[in-house]
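Novice: 3D model of this:
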Amino acid sequence: MKAKPEAKELFVPIALRQVWEWKDAIYQETKHLPTREVLHEILRQAHEAAVAHGFVKETPAALAETPPPYGGRKP
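Specialist: Residues are numbered from 1 along each chain as shown. Sure, this is the predicted structure:
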């Protein structure tokens with residue numbers, strides 16, 4: 001990749017090119033699937049990437065306790 005774009009070229013950041021490549025790859029892999037399964041596959045791959053890069057843990061965190069109704073007290 002050239003450091004400076006030519007006068008008539010547009011500079012596209014590497015990260016943006018990687019996103020475009022990923023989107024094209026996921027489309028090619030899932031174009032034969034129904035919409036629900038496509039969305040599930042995209043979510044699965046995004047979660048795997050987030051786990052791999054340390055953004056989230058592999059297992060979900062415990063849910064917070066539901067507060068009592070307004071004006072009520074905890075048991």
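Novice: need the helices for the chain, in chain order.
Specialist: 14-30, 35-52 (DSSP state H).
Novice: what's the angle from the last one to helix 14-30?
Specialist: Taking axes from the mean of the first three to the mean of the last three Cα atoms, to 10 degrees, one finds that helix 35-52 is oriented at 140 degrees with respect to helix 14-30.
Novice: report the mean confidence score over helix 35-52.
Specialist: Mean pLDDT, computed over helix 35-52, is 90.
Novice: how about stretch 21-29?
Specialist: Mean predicted lDDT for stretch 21-29 stands at 91.
Novice: before we move on, the earlier item: Throw the helices of the chain into a markdown table and include distance to Pro69 and mean neighbour count, thanks.
Specialist: In this view, the C-beta of every residue, glycine as well, is placed from N, C-alpha and C. Listed next are the helices of the chain as a markdown table, based on distance: least, Cβ to Cβ, whole Å; neighbours: other Cβ atoms under 10 Å:
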| stretch | distance to Pro69 | mean neighbour count |
| --- | --- | --- |
| helix 14-30 | 44 | 11 |
| helix 35-52 | 33 | 12 |
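Novice: turn the ones you listed into TSV, columns for distance to Glu65.
Specialist: Conversion of those to TSV gives the following (distance: least, Cβ to Cβ, whole Å):
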stretch	distance to Glu65
helix 14-30	37
helix 35-52	25
